[in-house]
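S.K.: What shape does this take:
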Amino acid sequence: MNTLTKIFIFFLLSQTMTFAQGNYENGMQKAFELWGQNKNDEAENMFERIANAETDKWLPHYYIALMNSNKSWNIKDEQLLRVQLDKAQEHINSAMAISSDNPEILVLQAYVLTNWVAFDGMKYGMKYSGKIAELYNKAYQLSPENPRVVFAKAEWGMGSARYFGQDTTPYCASVEKSIELFANFKPASEFHPNWGKERAEQVVKSCKE
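M.R.: Below you'll find the predicted structure:
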């Protein structure tokens, strides 16, 4: 293979990779745009298409799982809840296979298990509470300055403390710390998780009431 041929092949591969990356970015931008317009089904479908095309990217799987967790909090129909949370779990598994020991994914896994506890504490509390605490502890060990990790861990601890009639003050302090972390947090890209500040501010407000 002569030098000219090598240069041509390198150029062709570079152009292909650039085109693929451009498609990924355009697709993600479109999915977020749809989500911002409350076109949730369309946004989820877009994330699914990206996940199928970009098999080495964990973020599309993450957002599919997040969307299914978010819409499951007030569901009263267990069959519908199971459909949504099974889908969330499927995509969490896919995300973890691509990016293991990822604190963002660990927090989301804890959220999905919390969906079950919120639905039926008597049935799922004993089953999942220990696992949820374990996930938050692991995420905190990996990334103690991640605001979502600090906030979610504190909010779970606060809920547990209320359930057992214990003082929530230490957890309120942790939520306040998370707000400081949110103020200085810079996601790795425009597509990486950057949510939670508004919820943390609401929780701090409730602490002061």
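S.K.: Could you tell me the backbone phi and psi angles at residue 190?
M.R.: Backbone torsions of residue 190, given as degrees, to the nearest 10, read phi -70, psi -10.
S.K.: What is the neighbour count of it?
M.R.: Residue 190 has 10 neighbours, counted by other Cβ atoms under 10 Å. Every C-beta, even on glycine, is put in place using the N, C-alpha and C of the backbone.
S.K.: domain parsing for this protein?
M.R.: 24-120, 144-209 (automatic domain parsing).
S.K.: Show me what the mean pLDDT comes to for the longest one.
M.R.: Read that as domain 24-120. On average, the pLDDT along domain 24-120 is 97.
S.K.: and what of the shortest one?
M.R.: The average pLDDT within domain 144-209 is 92.
S.K.: Return the distance of that domain from the chain's centre.
M.R.: Here the centre of domain 144-209 is set off from its chain's centre by 15 Å, with Cα atoms, centre = their mean, to the nearest Å.
S.K.: for stretch 101-113, same thing?
M.R.: 6 Å.
S.K.: quick one on the thing from earlier: okay, the domains of the chain in JSON lines with distance to residue 126 next?
M.R.: Listed next are the domains of the chain as JSON lines, based on distance: least, Cβ to Cβ, whole Å:
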{"stretch": "domain 24-120", "distance to residue 126": "9"}
{"stretch": "domain 144-209", "distance to residue 126": "12"}
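S.K.: Quick check: which of the ones you listed is nearest to residue 130?
M.R.: domain 24-120 (10.1 Å; Cβ to Cβ).
S.K.: Endpoints of that closest one, how far apart?
M.R.: 39 Å (Cα to Cα, to the nearest Å).
S.K.: excluding its backbone neighbours, what's nearest residue 151?
M.R.: residue 178 (3.7 Å; Cβ to Cβ, 6 or more residues apart in numbering).
S.K.: Report the secondary structure state of the one you found.
M.R.: Three-state call for residue 178 (DSSP: H, G, I helix; E, B strand; the rest coil): helix.
S.K.: need the contact list for it.
M.R.: 147, 148, 150, 151, 154, 196, 200 (Cβ atoms under 8 Å, 6 or more residues apart in numbering).
S.K.: can you redo these as a markdown table with distance to residue 45?
M.R.: Output for those, formatted as a markdown table (distance: Cβ to Cβ, whole Å):
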| residue | distance to residue 45 |
| --- | --- |
| 147 | 30 |
| 148 | 25 |
| 150 | 33 |
| 151 | 29 |
| 154 | 34 |
| 196 | 25 |
| 200 | 30 |
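S.K.: nearest residue to residue 106 other than its sequence neighbours?
M.R.: residue 139 (4.1 Å).
S.K.: need the contact list for residue 132.
M.R.: 110, 113, 114, 117, 156.
S.K.: Also residue 24?
M.R.: So residue 24 contacts 50, 53, 54, 57 (Cβ under 8 Å, 6+ apart).
S.K.: Out of the domains of the chain, which is closest to residue 131?
M.R.: domain 24-120 (6.1 Å).
S.K.: Work out which residue lies at the spatial centre of the protein.
M.R.: A centroid search over the chain (Cα atoms, centre = their mean) returns residue 108, at 4.3 Å, as the residue closest to the centre.
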